[in-house]
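Chemist: A structural model of the following input is requested.
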Amino acid sequence: MGAKGLLPLVGLVASVFIFNMSEFMPVGLLTEIAEDMSVTESQSGLIVSFYAWAVALLSLPLMLLFKNVQHRRLMLLMVGIFTLFQALSAIAPSYWFLVGARIGVAVAHSVFWAIVTPMAVECVEPGRGRTALAAVAAGSSMSLILGLPLGRIIGLALGWRMTFATIAAMGLITLIVLAAVLPRIENPGTLTLRRVPEMLKSRLLLGTYALVALYVTGNYMGFSYIEPFLSQVSGMSEGMITLIMTVYGLAGFIGGFLFARYYEKGWKAFMLLALLLVSGALLLMLPLSEIWVAVIVLFVMWGIGATLFCTIFQNEIIRNTVNDGVTVAVALFSGIFNAGIAMGSMFGGMVIDDIGIGYIGLIGGSIILLGLVEMVLVVIPCVSRARKLSGQ
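Modeler: The predicted model follows:
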């Protein structure tokens with residue numbers, strides 16, 4: 001891949017890094033935010049829910065609004081909005097001001113995730129699309145490897161506000177870099193709702209979207225509250241919790257590498273592996289919570305499985321959608337994914353308040369097992385049939 005395609009891809013991956021880092025930042029700082037804002041941990045967890053609901057509800061409407069805006073210009077606009085509202089998050093004087101600022105970030109996020117993957121594929125040479133997808137996945141993983149632990153370290157040392165201020169500074173730098181290296185990428189302008197009825201007739205797409213909803217809801221019942229779980233149930237120190245989050249991110253990087261290298265040789269096994277790893281990690285969280293070596297192993301499983309899931313099914317949606325429907329399909333994927341995050345963090349908060357924080361993994365893992373059944377009965381047969389029809 002030449003420098004002409006590499007530099008824009010690097011810039012886009014950097015933007016993926018900060019957007020993902022921002023989305024999950026409250027996960028590592030729930031206790032600190034709750035104490036500073038004088039709210040409960042379940043209420044501070046709702047910051048994740050409000051953010052995710054905003055992305056879920058706004059992704060498709062905003063993409064329709066901006067359907068004729070050139071992609072380079074649109075990307076720069078979204079990174080600029082992202083940076084502004086990150087700065088406002090850092091100075092939030094109240095809980096509801098913080099919620100509002102986070103929703104502002106979510107507006108940028110909702111458009112960003114609908115266009116970043118198609119833009120990454122467009123930036124590289126023909127035949128390098130899977131490499132671009134793996135690079136985007138690597139950016140997500142690196143945000144967990146470096147971003148989430150770094151944000152937590154900054155928050156513990158200097159306060160959670162400084163974490164958001166740091167992301168705002170990173171956003172500004174990324175905006176400057178993208179303005180310098182991102183080429184003009186035309187928006188095909190073909191995004192219309194006319195494709196939606198056709199997509200709703202696709203058993204493969206409907207099955208995949210249902211699977212995404214089940215998986216993400218179960219996954220984020222656990223992940224949204226992992227910091228207080230490790231502190232209260234596992235009894236881990238702040239430093240150990242930071243290490244665990246770093247392990248999770250490193251494992252995600254491994255998942256991205258495995259996808260890029262081996263997915264096409266055994267796609268069915270990879271699909272099964274992704275859900276089995278995540279559901280297994282969640283279901284074993286409570287039984288093994290006091291054995292720190294076992295917890296590390298579980299987070300390795302979780303990180304690999306989570307990255308594989310996101311990369312696999314975004315890839316399959318793009319692969320099985322006609323060109324002028326890709327943006328709608330990806331926007332729907334992003335919307336459903338974030339609705340799952342919102343539902344997961346909301347249900348997780350209810351479990352914490354009514355049953356106890358120790359049970360978030362058991363219930364979340366059980367929901368993913370339902371998704372596993374749906375995948376085996378619906379998604380895998382549909383993907384297999386589509387691949388046979390296309391000669392793959």
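Chemist: give me the number of residues near Thr217?
Modeler: 24 (other CB atoms under 10 Å). The C-beta positions use only the backbone N, C-alpha and C, and glycine is treated the same way.
Chemist: And for the one 10 residues further on?
Modeler: Residues near Glu227, counting by other CB under 10 Å, number 26.
Chemist: any idea which helix or strand carries it?
Modeler: Assigned by DSSP states H and E, Glu227 belongs to helix 226-232.
Chemist: Any idea how far that helix is from the middle of the chain?
Modeler: Centre-to-centre, helix 226-232 and its host chain are 21 Å apart (CA atoms, centre = their mean, to the nearest Å).
Chemist: cool, stretch 337-351 as well?
Modeler: 14 Å.
Chemist: Could you do stretch 243-260 as well?
Modeler: Taking CA atoms, centre = their mean, one finds stretch 243-260 lying 14 Å from the centre of the chain it belongs to.
Chemist: Stretch 210-230 too?
Modeler: Per CA atoms, centre = their mean, the centroid offset for stretch 210-230 relative to its chain is 11 Å.
Chemist: And the helix holding Glu227, what does it pack against?
Modeler: Helices and strands touching helix 226-232, by 3 or more CB pairs under 8 Å, 6 or more residues apart in numbering; DSSP states H and E, are helix 3-28, helix 30-37, helix 238-262.
Chemist: Mind putting those into TSV with distance to Val181, mean neighbour count and mean pLDDT?
Modeler: Conversion of these to TSV gives the following (distance: least, CB to CB, whole Å; neighbours: other CB atoms under 10 Å; pLDDT from 0 to 100):
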stretch	distance to Val181	mean neighbour count	mean pLDDT
helix 3-28	4	22	80
helix 30-37	35	19	84
helix 238-262	22	20	84
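Chemist: Out of those helices, which gets nearest to Val105?
Modeler: Proximity to Val105 (CB to CB) singles out helix 3-28 among those, at 6.1 Å.
Chemist: related to what we said a few turns ago, list just the one of the helices and strands packed on helix 226-232 that sits closest to Trp113.
Modeler: Among those, the nearest to Trp113 by CB to CB is helix 3-28 (7.4 Å).
Chemist: Could you name the helices and strands sitting against the closest one?
Modeler: Against helix 3-28 (3+ CB pairs under 8 Å, 6+ apart) you get helix 41-65, helix 71-90, helix 95-123, helix 129-142, helix 148-158, helix 160-181, helix 226-232, helix 238-262.
Chemist: tell me which residues in stretch 264-283 are buried?
Modeler: 267, 270-271, 273-275, 277-283 (16 or more other CB atoms under 10 Å).
Chemist: With stretch 74-93 instead?
Modeler: Residues of stretch 74-93 classed as buried: 74-90, 92 (neighbour count, 16+ other CB under 10 Å).
Chemist: returning to what we had before: quick check: the two most widely separated of the buried residues of stretch 264-283?
Modeler: Spanning the widest gap among these are Trp267 and Leu283, at 24.7 Å by CB to CB.
Chemist: For Leu156, give me its contacts.
Modeler: For Leu156, the contact set (CB atoms under 8 Å, 6 or more residues apart in numbering) comprises 32, 238, 242.
Chemist: Can I get the residues you listed in CSV including distance to Ser143?
Modeler: Formatted as CSV, those follow (distance: CB to CB, whole Å):
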residue, distance to Ser143
Glu32, 19
Glu238, 20
Thr242, 15
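Chemist: Closest one of those to Val136?
Modeler: Nearest member of the contacts of Leu156 to Val136, counting by CB to CB, is Thr242, at 25.3 Å.
Chemist: For that closest one, which residues are in contact?
Modeler: Thr242 makes contact with 28, 149, 152-153, 156 under the criterion CB under 8 Å, 6+ apart.
Chemist: Please tell me how far it sits from Ser59.
Modeler: 32 Å (CB to CB, to the nearest Å).
Chemist: Quick check: which ranges of the stretch 251-392 of the chain have low pLDDT?
Modeler: Applying pLDDT under 70 to the stretch 251-392 of the chain flags residues 322-325, 327, 391-392.
Chemist: picking up where we left off before, any idea which of the contacts of Thr242 is the one closest to Val247?
Modeler: Pro149 (9.4 Å).
Chemist: residues in contact with the closest residue to Ala106 other than its chain neighbours?
Modeler: The shortest distance from Ala106 to any non-neighbouring residue, by CB to CB, 6 or more residues apart in numbering, is to Ala54 (3.6 Å). Residues in contact with Ala54 (CB under 8 Å, 6+ apart) are 103, 106-107, 110.
Chemist: Pick the one among those closest to Ser289.
Modeler: Distances from Ser289 to those, taken as CB to CB, are shortest for Ala106 (31.9 Å).
Chemist: surely the closest one meets Ala56?
Modeler: No - Ala106 is beyond contact range of Ala56, at 9.1 Å (criterion: CB atoms under 8 Å).
Chemist: Which of the three states applies to Ala92?
Modeler: Using DSSP: H, G, I helix; E, B strand; the rest coil, the structure places Ala92 in coil.
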